[in-house]
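In: give me the fold of what follows.
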Amino acid sequence: MRNIALFVLCIVYPFVSFSQYNPFKGKKVGVYISSKQFLFDPTYYMDIAQFLKVEIDRSQGENVKKELLVRMGELFSQELQRVSQADTCYFINGDPDKGRTFIKAFNAEYNSLTPLGASFADTDYVLILNEFSLENRFSNSLYIYSNKMFNKKVRVRVGELLITTFDVKGNFPIFQKESCLDEHQKEKPELSMDFLQKDSALGNFLSLLFSQFWMQVQTGEDSSCSN
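Out: The predicted structure follows:
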C-alpha cells in the first residue's frame, strides 16, 4: 500500500484512556470512499455476487465496482454510527450535491482538503477511505483420504484499507489508520461491525476488516500491517 502524506495537529487530551478513545460520539460524521484506489482481485467476483445478492454474470460487469463501493459505504456509515454513538453518520458519495462539493475540495494526490463550505457546516468529521484492496494468498494444506495424503492449495482472503479522518471545521487531518487482515491470522479483532456477516463469506471478512479499523481508532494504533 502506498504511503500518503499526513500532517497532524497534535492535541493532548488529559486523563483520556486511548483504550476508549472515541472522537465521534455525539458528532455528525461523513464517510467518503475514493474510487481511484478501490481495488479487488478478479477472483472476488463470486464473493461480491453473493455479498450483493446478484447474478454472477452481472457481478463481472462494469458496474460491480460502483455497486460494491456504494454498498460498503452505506454499511460502513451505518455501523460507524452504531459503534461510535455518533449523532449522525452519512455516506457522502450517496448525496449528489455533497458528493460534487467534496470532490472539488479533496485532493487525492496530496490527501488534503480545501474548505468545504456551507453544505458541510454542520459536519464535524469526515472519514476518507483513501485506499481499499482485496487480494489473496495461497497456502498448502495436507488432506488424508483412503490412507493417502493429498496436497491442496487453499485460497486465503487478504484485505487492506487506509482511512484518514479530517476535522472539518479546522480543516486538518486528526489521524490516519492503516488496517490489514489475513483471513487465517491467529489473532483477529473483536467483531464490532456487521457487514451482513451471516449472509456471505465476504460480508464476514469485511466485518472483521472494518472492526480492525475501529479497534485501532480506540487504541491509537496507527497500523496493523506488517512491512
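In: which parts of this structure are strands?
Out: For the chain, applying DSSP state E gives strands covering 28-33, 38-40, 88-91, 106-107, 112-113, 125-145, 148-167, 172-182.
In: so which of these has the densest surroundings on average?
Out: When the strands of the chain are scored by mean count of other Cβ atoms under 10 Å, the highest mean neighbour count falls to strand 28-33 (a mean of 22). The way it works is simple: take the backbone N, C-alpha and C, and place the C-beta from them, glycine included.
In: and it, what does it pack against?
Out: helix 64-84, strand 88-91, helix 96-105, strand 125-145 (3 or more Cβ pairs under 8 Å, 6 or more residues apart in numbering; DSSP states H and E).
In: show me what the second one is packed up against.
Out: Helices and strands in packing contact with strand 88-91 are listed as strand 28-33, helix 64-84; criterion 3+ Cβ pairs under 8 Å, 6+ apart.
In: what sits up against that strand?
Out: For strand 88-91, contacts defined as Cβ atoms under 8 Å, 6 or more residues apart in numbering pick out 24, 28-31, 70, 73-74, 76-78, 80-81.
In: repeat that for 10 Å
Out: Residues outside strand 88-91 that contact it (Cβ atoms under 10 Å, 6 or more residues apart in numbering): 24, 26-33, 69-70, 72-83, 98-99, 122-125, 127.
In: still on that earlier bit, could I get the strands of the chain as a markdown table with mean pLDDT and distance to residue 202?
Out: Output for these, formatted as a markdown table (pLDDT from 0 to 100; distance: least, Cβ to Cβ, whole Å):
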| stretch | mean pLDDT | distance to residue 202 |
| --- | --- | --- |
| strand 28-33 | 98 | 16 |
| strand 38-40 | 94 | 10 |
| strand 88-91 | 98 | 19 |
| strand 106-107 | 94 | 27 |
| strand 112-113 | 92 | 31 |
| strand 125-145 | 88 | 8 |
| strand 148-167 | 90 | 8 |
| strand 172-182 | 96 | 12 |
